[in-house]
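J.: return a 3D structure for these sequence lines:
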Amino acid sequence: MQAETLAGLMGLAGAVVGAGVSTGAVIWQQRKTAHETERAHLLGLSEAAANEVIQLTYAIEDHFAEGVPDTIMSRTREQWHADLRLILRDLSSQALRFPDEKVRRLVQWGHAEILRDPEGVAQEQGNLPTARYRDICIHFRTVMGTVIRRQPFPDGIWTQFPGAWPPS
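T.: This next block holds a predicted model:
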């Protein structure tokens, strides 16, 4: 083989390898950028949902602070329950925005607990001076704070709410 032909083939091989490496690097960079964009989107979604859940916990506390109407068949009682269901519907929709299963499950569980027995969660718990809805709201805010600060899910939350998370 002549030197000129060999040099030409080596140049061509170098160009092909260089193009392949360059194309691979571009594809890798695009995938990395797409992954980072998705991650940033999910973090933003989580932070916005966490802020909304915090506001909803205050709405729940204010709603319960008004007191559950005593008369079983009263219009006031029906309206109180309807207003609570609206707040809880907003809470449920925010739960869907959390990519972290533990956070999502805790919010969904708290929503179900309050919706299932509003009168029960309004009562003080045994020897504790606070009603269960306050305990649920306080723990919601604790978890939402970790979401906003991008910290791990706090230890000990599940012990406060038996049945909210399956045992390991």
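
J.: Phe98: which element?
T.: Per DSSP states H and E: Phe98 is located in neither a helix nor a strand.

J.: for it, give its distance to Leu42.
T.: 9 Å (CB to CB, to the nearest Å). Placement of C-beta: from N, CA and C, glycine included.

J.: please identify which of these two sits among more neighbours.
T.: Set Phe98 next to Leu42 and count neighbours by other CB atoms under 10 Å: Phe98 wins out with 23 against 14.

J.: could I get the phi/psi values of the more buried one?
T.: Main-chain dihedrals, Phe98, degrees, to the nearest 10: phi -90, psi 120.

J.: let's number from 6 now, not from 1
T.: That works, and once the first residue is 6, the last one we named lands at Phe103.

J.: not counting residues beside it along the chain, what's closest to it?
T.: With sequence-adjacent residues excluded and distances taken as CB to CB, 6 or more residues apart in numbering, Phe103 is closest to Arg109, at 4.2 Å.

J.: just checking, next helix/strand downstream of the helix or strand harbouring that neighbour?
T.: Secondary structure from DSSP H and E places Arg109 in helix 106-121. Sequence-wise, the next helix or strand downstream of helix 106-121 (DSSP H and E) is helix 123-127.

J.: helices and strands around that following helix, which ones?
T.: helix 137-153 (3 or more CB pairs under 8 Å, 6 or more residues apart in numbering; DSSP states H and E).

J.: show me which residues of stretch 105-120 are buried.
T.: Neighbour-count burial for stretch 105-120 flags 107-116, 118-120 (criterion: 16 or more other CB atoms under 10 Å).

J.: repeat for stretch 36-51
T.: Buried residues in stretch 36-51 (16+ other CB under 10 Å): Ser51.

J.: from the chain's centroid, how far away is that stretch?
T.: 15 Å (CA atoms, centre = their mean, to the nearest Å).
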